[in-house]
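> I'll drop the sequence and a predicted model, then ask my questions.
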Amino acid sequence: MSEERYFFALWPDETVRYRLSTLAHTSEPGEGRRHNAKDLHMTLVFLGQIAPSQKRCIEDVADGIRGAPIELSIDRTGYWSRPRIFWASPGETPPALSQLVVDLNNGLTGCGHEPEERSYKPHVTLYRKARRVVPQQLAEPIVWQVNEFVLASSANPGSSGTRYQVLRRWALG
């Protein structure tokens, strides 16, 4: 089995990626590891390591998804103290995003995937190992038109941190 970990995610376009990266830069938590702008994403379903035989099943599930395009309004930042993660997210989860996650999880059970027990909390990780950051409402929300989702992989973190690779894309709508 590969050392790679797989996940479904929303991958921002250049404009949204720039705005998220700027937000991370201007919110400097003083320490920690800022995500590379090219790696910013919103995880939908984390799969972890998968056997080569599972990959076809996982892609078949994604082939069957008929989700609608989604408009996200990233309008706040927050901080989870235990994993020391500074993040940005929408204040409200659009129903189409919730449905996309449910549809993926339901389909993936047939591939041997066990869905996360915790409720889905959409977010984009801006920093890992950050010191405490005061959550804030953004004066100007980052509007993200989502027209696709992706299957991505990550290799084991090295000295420069984890890097991600988009393996395949699926259109919404």
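Structure received.
> Which strands or helices does the lowest-mean-pLDDT helix or strand in the chain pack on?
Lowest by mean pLDDT, DSSP states H and E among the helices and strands of the chain is strand 33-34, with a mean of 78. With contacts defined as 3 or more CB pairs under 8 Å, 6 or more residues apart in numbering; DSSP states H and E, the packing partners of strand 33-34 are strand 124-128. No exception for glycine: its C-beta is placed from N, CA and C like everyone else's.
> Can you give the strand pairings for the strand it packs on, parallel or anti for each?
Here strand 124-128 has these sheet partners by DSSP bridges: strand 33-34 (antiparallel), strand 85-90 (antiparallel).
> out of those strands, which comes closest to Arg169?
strand 85-90 (21.6 Å; CB to CB).
> Quick one: residues in contact with that closest one.
20, 23-24, 27, 29, 32, 72-80, 121-128, 130, 133, 138, 142 (CB atoms under 8 Å, 6 or more residues apart in numbering).
> Next step: those residues restricted to strands.
72-80, 124-128, 138, 142 (DSSP state E).
> Between the residues you listed, identify the one with the most neighbours.
Compared across the ones in strands among the contacts of strand 85-90, Val124 has the highest neighbour count, 26 neighbours, by other CB atoms under 10 Å.
> Just confirm it contacts Ser21, I think it does.
No: Val124 is beyond contact range of Ser21, at 10.2 Å (criterion: CB atoms under 8 Å).
> Tell me the residues that contact both of the two, please.
Taking CB under 8 Å, 6+ apart as the criterion, Val124 and Ser21 both touch Leu40.
> looking at the strands paired with strand 124-128, which is buried most?
Neighbour counts (mean count of other CB atoms under 10 Å) averaged over each of these peak at strand 85-90, with a mean of 22.
> Is the residue nearest to Pro115 when sequence neighbours are not counted part of a helix or strand, or is it coil?
Leaving aside its sequence neighbours, Pro115 sits nearest to Asn105 (CB to CB, 6 or more residues apart in numbering; 4.0 Å). Classification of Asn105 using DSSP: H, G, I helix; E, B strand; the rest coil returns helix.
> From Ile85, how far out is Asn105?
Using CB to CB, to the nearest Å, Asn105 is found at 22 Å from Ile85.
> Understood, closing this out.
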